[in-house]
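[1] Fold the following and give me the result.
(6 chains)
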6 protein chains.
Amino acid sequence: MKIGAFGEVMLRLTPPEYLLLEQSNQLRMEFTGTGVNLLSNLSHFGQETALLTMVPDNRLGEAALANLRRLGIAPDFIGQAGDHLGSFFAEIGYGTRPTQVTYQNRRNSAFSIAATKDYLLADFVAQMDLIHICGISLSLTEQTVATALTLAEMAHGAGKKVCFDFNFRPSLNDEPGQKAEMKQRYEAILPYCDLVFGSVRDLVELLHFGEAPADEVAGTALIQDFMKEYGLQWFAGTKRERRDEPGVIGKLYTPEHEIKSAWHKLSVLDRIGAGDAYAAGILLGYGAGWDLQRTCEFATGNAVLAHTIQGDVPLTSRKMVEHYLQHPDVDLLR
Amino acid sequence: MKIGAFGEVMLRLTPPEYLLLEQSNQLRMEFTGTGVNLLSNLSHFGQETALLTMVPDNRLGEAALANLRRLGIAPDFIGQAGDHLGSFFAEIGYGTRPTQVTYQNRRNSAFSIAATKDYLLADFVAQMDLIHICGISLSLTEQTVATALTLAEMAHGAGKKVCFDFNFRPSLNDEPGQKAEMKQRYEAILPYCDLVFGSVRDLVELLHFGEAPADEVAGTALIQDFMKEYGLQWFAGTKRERRDEPGVIGKLYTPEHEIKSAWHKLSVLDRIGAGDAYAAGILLGYGAGWDLQRTCEFATGNAVLAHTIQGDVPLTSRKMVEHYLQHPDVDLLR
Amino acid sequence: MKIGAFGEVMLRLTPPEYLLLEQSNQLRMEFTGTGVNLLSNLSHFGQETALLTMVPDNRLGEAALANLRRLGIAPDFIGQAGDHLGSFFAEIGYGTRPTQVTYQNRRNSAFSIAATKDYLLADFVAQMDLIHICGISLSLTEQTVATALTLAEMAHGAGKKVCFDFNFRPSLNDEPGQKAEMKQRYEAILPYCDLVFGSVRDLVELLHFGEAPADEVAGTALIQDFMKEYGLQWFAGTKRERRDEPGVIGKLYTPEHEIKSAWHKLSVLDRIGAGDAYAAGILLGYGAGWDLQRTCEFATGNAVLAHTIQGDVPLTSRKMVEHYLQHPDVDLLR
Amino acid sequence: MKIGAFGEVMLRLTPPEYLLLEQSNQLRMEFTGTGVNLLSNLSHFGQETALLTMVPDNRLGEAALANLRRLGIAPDFIGQAGDHLGSFFAEIGYGTRPTQVTYQNRRNSAFSIAATKDYLLADFVAQMDLIHICGISLSLTEQTVATALTLAEMAHGAGKKVCFDFNFRPSLNDEPGQKAEMKQRYEAILPYCDLVFGSVRDLVELLHFGEAPADEVAGTALIQDFMKEYGLQWFAGTKRERRDEPGVIGKLYTPEHEIKSAWHKLSVLDRIGAGDAYAAGILLGYGAGWDLQRTCEFATGNAVLAHTIQGDVPLTSRKMVEHYLQHPDVDLLR
Amino acid sequence: MKIGAFGEVMLRLTPPEYLLLEQSNQLRMEFTGTGVNLLSNLSHFGQETALLTMVPDNRLGEAALANLRRLGIAPDFIGQAGDHLGSFFAEIGYGTRPTQVTYQNRRNSAFSIAATKDYLLADFVAQMDLIHICGISLSLTEQTVATALTLAEMAHGAGKKVCFDFNFRPSLNDEPGQKAEMKQRYEAILPYCDLVFGSVRDLVELLHFGEAPADEVAGTALIQDFMKEYGLQWFAGTKRERRDEPGVIGKLYTPEHEIKSAWHKLSVLDRIGAGDAYAAGILLGYGAGWDLQRTCEFATGNAVLAHTIQGDVPLTSRKMVEHYLQHPDVDLLR
Amino acid sequence: MKIGAFGEVMLRLTPPEYLLLEQSNQLRMEFTGTGVNLLSNLSHFGQETALLTMVPDNRLGEAALANLRRLGIAPDFIGQAGDHLGSFFAEIGYGTRPTQVTYQNRRNSAFSIAATKDYLLADFVAQMDLIHICGISLSLTEQTVATALTLAEMAHGAGKKVCFDFNFRPSLNDEPGQKAEMKQRYEAILPYCDLVFGSVRDLVELLHFGEAPADEVAGTALIQDFMKEYGLQWFAGTKRERRDEPGVIGKLYTPEHEIKSAWHKLSVLDRIGAGDAYAAGILLGYGAGWDLQRTCEFATGNAVLAHTIQGDVPLTSRKMVEHYLQHPDVDLLR
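    This is a model prediction of the structure:
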């Protein structure tokens, strides 16, 4: 299965060794974003992938392209225009101190100002089997909203699978009236979708789809009602759950089934991007036709490992994930 | 409230990534010291601060000044003389391996050899509302002892608040007869003080003020007797306490009250300077007129975060501390 | 003389060891800008300085403030708003390979979108003796143009000296019609100015003030005509001149005099910011009442040393410049 | 024109900042080799390229692949087998101290032990328009010799252009009798070739093709005789020539013409790989049908810039080379 | 007691900060190997040590020698020949992600191809009191097998103590028939040995010495039978054992006694080389004539600390180990 | 010839990439000093060497010892006492900007406070053939003066060669009256010496031995008079001399001969320690019985290369120096 994604490439700048921005004049530069994370991981799993995006037409854009190639992402549908790449700083937390992400301007990036016509949408849809769209596109600019919706509609119309990730960031939508507009946009894209990554909270708080469920059973019912409403095939997400130690469980729903992975202990080196690792695992199983349980276990194991890898991009291989699932206690391989 | 401090600026040299001195030829350079830590933290809390100290009159002194400015400390009362800055190496421990601090010569530093007359004491006292004096000054040289005592007396005479931190380091006082001399010096400064940071152990072992208390109630009684003896307003300190995991509790005494913070789990990246973070939190509450409980909780939360920050200097903001106290389990902010 | 400047703080990101952006994932972070460079240098010369600018109201803004304090710049007139700081990448050249600067979005920075009313202009003017305005302000946004012009007018009206630096960047003004608009803006600010940094080329190509002069004598005449037209006191700039080796000469004009420095060999480690070093030297001499020749020699020596210092900010001291002018061949000081 | 190359991928390890191996425990890791250098450069010039090689089937091989993708090289014909990658250390020289290259074992690398049948030769030949073969292949193992000869023969037979680089390294051929064997191998491959990179010295010392020429005219005659002997289209190389400063001239021969570039001053940051940059420039001009002079000038300018770039891989773009040729004295671009 | 060891020096290359090879172009270079680890640790304990090995006769070999000297290992019996040093990459794991070791070619290293006659065996045996032989020598090449066996025989014949470490690595012996050959080699060396480091698993799986024991008592019986069979004095090893947290116990056997250390919690920064730390502690106690319990406790404490030190080489001192055993909870020393 | 030296081990701290102390929080740590530089170089030339010195009895002292071993210096005569090591910062210059050395306290270092009786002088003298004494010992403390004089007298009395290096640092002797005292000390040690490193300026300005010579002939006469006065065998030094480019000439005198090396162009990466490289070359030739010209050429070539090596310690090998003398223009070795 050939998997495409539409999403922004972002520049991540991280001080070394848990230092704060004030403490260091050194930064590690990485290129990231939901689409980048997902596709790079799928590429490391052996899938063909392509990213539909726009990077600056300058030395920074060249560096972005070089790094995307390194991550295994084909550059064929990556345009170059403008001079700006959305960027953020990540001050990595330690224990009780949370990781702090600080965004620079995203709404004037090459991606945010690119018009729908700047992309080769038809070719992209034609070449892909499944297209992933990140919900952040619905929060950025009129242009990114229009492109996301157009792409979803075209892909759906062409009989391709469409996968959508809620990825709702309140911080990008904090102005009055914006939440109502976001609700409309999300409702507009969902009819074209087949797979969705999200949570009960997204349904209740963003879409006002039902009441906050009283218990897990009610939550499952809510999700499955939602899936039927929009004709979704799969709905998936992870849930943090502490059992003596911090841990996580993966969940995968069809309209009829609810699958849970085993509980896994979490050791966290860099948690940004771990959700994208879960999504990559789910899409791998989906494309490969694995059964639901195997898919959910693999995706959860992948997300667990992603927490232990620096940077947003989960650079796990199938071999690494499978080894971890079989031998979770081995700490040295040679 | 304008807060001043008298104390040494030290050069801290730390190998990267938990390496030992033998293993690395790279060092991270920082400028630190109890006064530096305290004032920098208070400055990040929005307070006006000034340090009374002496740094070398050369390129190293210039670098020290630049770094103190960066930390938010006003350089107006920092003199430049001599060629030496006290320095230490910190080999950061990991788990069962303790952090190892190795001091270079401190007794010939610009600070240690500066005479009382080299400082603008009268101006300093006039401009400050509260003056913090670090107990290490009483252990270094005749000059630092004289300046500390003179400053305390002048500040007290001018109706300014005086805060004293025991900070007793046996390693600086290991020669015979020295402990008796130290006792005298501490007893000489205490009558001028309003706030003191210390522990029961300091009272019993250094000052021979009463017997080692049998239980916590007796300990509180001892501290409150001590406070009455010297007319102290506040006495404060932290206590490590393991509950399944390592943790800490903050304590704050008036002659009539004993306040304890909630117990907090400790995750330790770099524990040097955490005591100064507690002191900074207490002084913030003191200056702002917070109630005792709020002050103690804030100071303890600040000390907890300080353990997760590289270097001695606790670069927390009020926002960070308050966020941690309200949401201790959030591990990603964006 | 207390010197203020109005200008943008920029984030500079530089790969280490002459590496290209594609070759490294490490960057050195510095905070720079014409105002920053000039004031930091003057501060290292012992002058009181203050910057009028706007930085983001987030962790990046805090880091910027910490670094500006380190550079010796008083933060009193630096506001915090928005989330974006203009940034650029500097790929440092070597020999025949030029240094390549790549700008990210500057027109949406906290500085570029701040309105005139967001600044404490009156206080700023009142406290300063001389105010420096960077010509780039005239190229950015309506807001920066308005603030620059208002500030110049207010300062002039208050009898303060106004210093203006052409700093014309064709790359920021490459759209049709823009050059004419730029001409108008420059012409609008010049009547308020006392000192100007620029070149014959600025006069001819940007302002269409006369024809390109045939020789140096004609160039001097043109500059002095220009000075008389706008009532300028001093006009200054440097000129690169190769004599076997690359070198530079400083020039300083009054309406009646033309001063040239000695020719100096140039060794170039990082040439960005060297022009600001020349300006800082001129302003030091102007404020101190040095004679023209001494001022010009000092400024040129300062510019020469600035080429040998990493980063844009010329961190020279008076001692360093004077030592270089007296002993240009000494290569080791101890 | 689609350009393929057959050659080894090598791991280059370089201590930072001109340090010796004894002085540093830090190394910069790069993946290099004549084929890598050439194709990466051509890829940065906008050409389609593919490398025929073998890297280890382990984490190091994965890292090699990621880095080759970053450099713009398609991985389609790169196999994975074995566990070893040829590697070398580069202690970068400074001024009078030469750069010192130290090779680890190359003869047991994945590339050196791969058999001809391990490659998809037919597909590779079918897809490429021009195939570059590095002479080092003739020095390594029986397998690399066999593959190089087979490939040359197949490509020639299929009407594809074959380009051969002498790249003779005496240090790889220092055993008695080896030089005679090398001569035979070189003579075996030349009949299949169209373009050759080499020098008069290669012809005389390795192939014993004529006597050492007395002057430049005789040298040109020798080269043209050699070209006719083997039916070569182009023969090219560079010549170092000091004119007050170190410099270089590019040379390009057809059987009838001798083209020389302008003399260029050389500034040397890292000279390894500069020869491959010259070759890349020549192949660009060859494929694009440029005239001989333009091709030679471009290739020489490219080689000059390659000396100023860290690492073996010349990451120049057409824009960089053309800018340098037009404005060789500009040292700052923004 | 003067302790010698026969074993390979290896180059270890480690990316910083838990990064994967794909993520970083920086590596930390260290020189390691069982003999190196053991002797360096013993040297830090104050013992005289010497390594019998072969390193390349080039700049890499020089760097290896410099680093071995730094580690306290006498270079007198280290030869220089060939051009290759065995090397491996260590991608350091974090939490659930295991550390991944990737070997480069070891069988063509200077050590692997050195013949028995290339060493000064007689002198070496004459000068040492105890000789340690690493089992990996029995897995590499005919030459290393021959030298190991010859050395063991000579040392035994000269009345010197011989210590052997099973160190059996299935990954070096994965070809069919190889296990039987390995069994023979191990059986050939054991009769010359006095001390052995190994496990029940080595006896059962490699040597087929008895059945897998049903419980710990049976395991002890098996080991003591084995010791009697080969006339061994001491047999030692560690056992990982989880008690809420990961931990370890040290074990030391004589034909008549079974000694166990206290259980110690393990905090793991870099676990490679921790087994060698245990061995070093045992040999220290053996040479110093400590009683069995003290020896076992010291060795276990040493192994625990070795897990908290970067790199393979356990750079603990006696003071550090003894401090840890007495004050396991102290986390700051000054 | 076994060569010993008496001198201080110093800690050198250097910011990376030509950065100033204010600009970086990273430092490269090295252990240096005239004796260290000289012996390390001689050790790399294959000579047996030993250093007589004192380092702190703490972790810093341990790190110093490890680094001295790495440099090839035998630790047998290095004592450990006290807690301080003399240290300095080196801000590396570039072109017109000189390298700036800033010393921390040297007079309280372990070396400076060690008494003559703390050293094993008799053993040291017995084991060495030639003993080098650094003139800085005569400037530090009464203890170092006493030890230097005692050592020189004992060595001379035992028939060993004594080599003395003026190394006069005005900055260490800037108090009134000090120069007269220095003169006495130098005059006291010279009668025991056989070889001296110095300059005409040392003779005239420090010792008032004759007038400043009018020309080179007079200078030679002065030196030879001085040699006869004190019975010296060799007197040596280098002279910087610009010929279009910066360069250097080596000089070596006997009472009867004056030897000059060829002129060598200087490329300067780090010039500290280059004088010690010249001394090491001279001592190598002296010990090996080379003729004067060969000795002088080798020493000069060695000094030239030392300018191109980072740090004070000249890590050249004989092979490197000889290669440079034969092929001064080769810039790549492989």
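
[2] where in chain A is pLDDT low?
    A:170-173 (pLDDT under 70).

[3] Quick one: name the residues of it near chain B.
    A:16-20, A:22-23, A:88, A:93-101, A:103, A:169, A:171, A:268, A:271-272 (CB under 8 Å from any CB of the partner chain). From N, CA and C alone the C-beta is placed, and that goes for glycine too.

[4] By neighbour count, sort out the buried ones in those.
    A:16-20, A:22-23, A:88, A:93-101, A:103, A:268, A:271-272 (16 or more other CB atoms under 10 Å in any protein chain shown).

[5] where's whatever residue of the stretch 1-150 of chain A ends up closest to chain D relative to chain B, distance?
    For the stretch 1-150 of chain A and chain D, the shortest gap (CB to the nearest CB) falls at A:R70, measuring 3.7 Å. Separation of A:R70 from chain B (CB to the nearest CB, to the nearest Å) stands at 24 Å.

[6] For chain E, what's the nearest residue on the stretch 51-200 of chain A?
    For the stretch 51-200 of chain A, CB to the nearest CB, closest residue to chain E: A:R70, 7.5 Å.

[7] can I assume that residue is in contact with D:L65?
    No. Judged on CB atoms under 8 Å, A:R70 makes no contact with D:L65 at a distance of 9.3 Å.

[8] Between these two, which has more neighbouring residues?
    A:R70 (23 against 20; other CB atoms under 10 Å in any protein chain shown).

[9] which phi and psi does the residue lying closest to that one once chain neighbours are set aside have?
    Setting aside the residues directly before and after it, A:R70 is nearest to D:R70 in space (CB to CB, 6 or more residues apart in numbering or on different chains), at 3.7 Å. Backbone torsions of D:R70, given as degrees, to the nearest 10, read phi -50, psi -40.

[10] Please verify my assumption that D:R70 contacts C:E22.
    Yes. D:R70 lies in contact with C:E22 (CB under 8 Å); the separation is 7.4 Å.

[11] Mutual contacts of these two, please.
    A:A66 (CB atoms under 8 Å, 6 or more residues apart in numbering or on different chains).

[12] what's the neighbour count on A:Y278?
    Neighbours of A:Y278 (other CB under 10 Å): 30.

[13] in whichever strand or helix holds it, what counts as buried?
    For A:Y278, the element it lies in under DSSP states H and E is helix A:274-288. Using 16+ other CB under 10 Å as the test for burial, helix A:274-288 gives A:274-287.

[14] and which of the residues you listed is nearest D:G237?
    A:A280 (49.2 Å; CB to CB).

[15] show me the residues around the closest one that make contact.
    By CB under 8 Å, 6+ apart, the contact list for A:A280 reads A:N37, A:L38, A:N41, A:L42, A:F45, A:A299, A:N302, A:P314.

[16] repeat for A:L283
    A:I3, A:L38, A:L42, A:L130, A:H132, A:C163, A:L195.

[17] and the helix or strand in which A:L149 is found, which residues are buried?
    A:L149 belongs to helix A:142-157 when assigned by DSSP H and E. Of the residues in helix A:142-157, A:Q143, A:T144, A:V145, A:T147, A:A148, A:L149, A:L151, A:A152, A:E153, A:M154, A:A155, A:H156 count as buried by neighbour count, 16+ other CB under 10 Å.

[18] swap in stretch A:237-255?
    Buried residues in stretch A:237-255 (16+ other CB under 10 Å): A:G237, A:T238, A:K239, A:P246, A:G247, A:V248, A:I249, A:G250, A:K251, A:L252, A:Y253.

[19] for stretch A:119-139, same thing?
    Buried, per 16+ other CB under 10 Å, within stretch A:119-139: A:119, A:121, A:124-125, A:127-128, A:130-139.

[20] interface residues of chain A facing chain E?
    Neighbours of chain E within chain A, by CB under 8 Å from any CB: A:16-17, A:70, A:264-269, A:304-305, A:307-311, A:315, A:320, A:323-324, A:328, A:330-334.
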